[in-house]
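K.L.:
Please work out how this folds:
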Amino acid sequence: TGRPAGHGRVPMSKTERQTEVESLTEQLKASPNVYVTDFSGLNVLRMTEFRRRVRAAGVHYVVVKNTLAQRALAANNITELDEHLVGPTGLVLSNDPLAAAKVVFDFAKEFEKPTVKGGYVDGKTVPASYIQRLGQIPSRDVLLGQLAGTMNNILYSMVASLEALRDQRSTSGADAAATS
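P.N.:
Numbering: from 1, shown residues only. So this is what the prediction gives:
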């Protein structure tokens, strides 16, 4: 048996805690990007919707006990996130930092929760503001569309310039022929 649970906490046996830390350690090894979130204020319905969206984006979301998260992060040599492991904590685990940030940012924009406390992106600790900026970057499809539109505008401008130049030369050639 584990130690007695505090207010609102579920007691875990030592074996359960150990299994949880080992599982989380493996998940962290497979995910180079980790965002620490505070999910307080999300009711069950919204939390379920958040998990659904996270899963659809190919991202994992794990609600964790702070001490167990701390142990699993330490096992992966990530101690810089310890300061963020207070209060209700959920970890967003992902291989793609943009997809994870986008889903969290979009959901938080809609429901004002969860809040991001900080993160670890490709081996570096990052503040919540960095993750928010990542979440504001348009999707790959949108960026490709913008690039195609820009290239299309450049081509149209170039064609218009060449046609104007041709018209100018043909007009000045006709003027020269008329004066001779």
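K.L.:
Give me the pLDDT value at Pro4.
P.N.:
Looking at Pro4, its pLDDT reads 45.
K.L.:
how far away is Val86 from Val64?
P.N.:
12 Å (CB to CB, to the nearest Å). To be clear about C-beta, it is placed using only N, CA and C from the backbone, and glycine gets the same treatment.
K.L.:
residue boundaries of the strands in the protein?
P.N.:
Along the chain, the segments classed as strands by DSSP state E run 33-38, 60-64, 89-94, 115-121, 124-127.
K.L.:
among the ones you listed, which is nearest Leu144?
P.N.:
Among the strands of the chain, strand 89-94 comes nearest to Leu144, with 21.4 Å by CB to CB.
K.L.:
okay, the angle between that closest one and strand 33-38?
P.N.:
160 degrees (axes from the mean of the first three to the mean of the last three CA atoms, to 10 degrees).
K.L.:
neighbouring contacts of strand 89-94?
P.N.:
With CB atoms under 8 Å, 6 or more residues apart in numbering as the test, strand 89-94 has contacts from 24, 27-28, 30-31, 33-39, 54, 58-66, 69, 100, 104, 114, 117, 119.
K.L.:
Drop anything exposed from the residues you listed.
P.N.:
24, 27-28, 31, 33-39, 54, 59-62, 64-65, 69, 100, 104, 114, 117, 119 (16 or more other CB atoms under 10 Å).
K.L.:
Show me the residue at the heart of the protein, geometrically.
P.N.:
Compute the mean C-alpha point of the chain, and by CA atoms, centre = their mean the closest residue is Ala101, 1.6 Å away.
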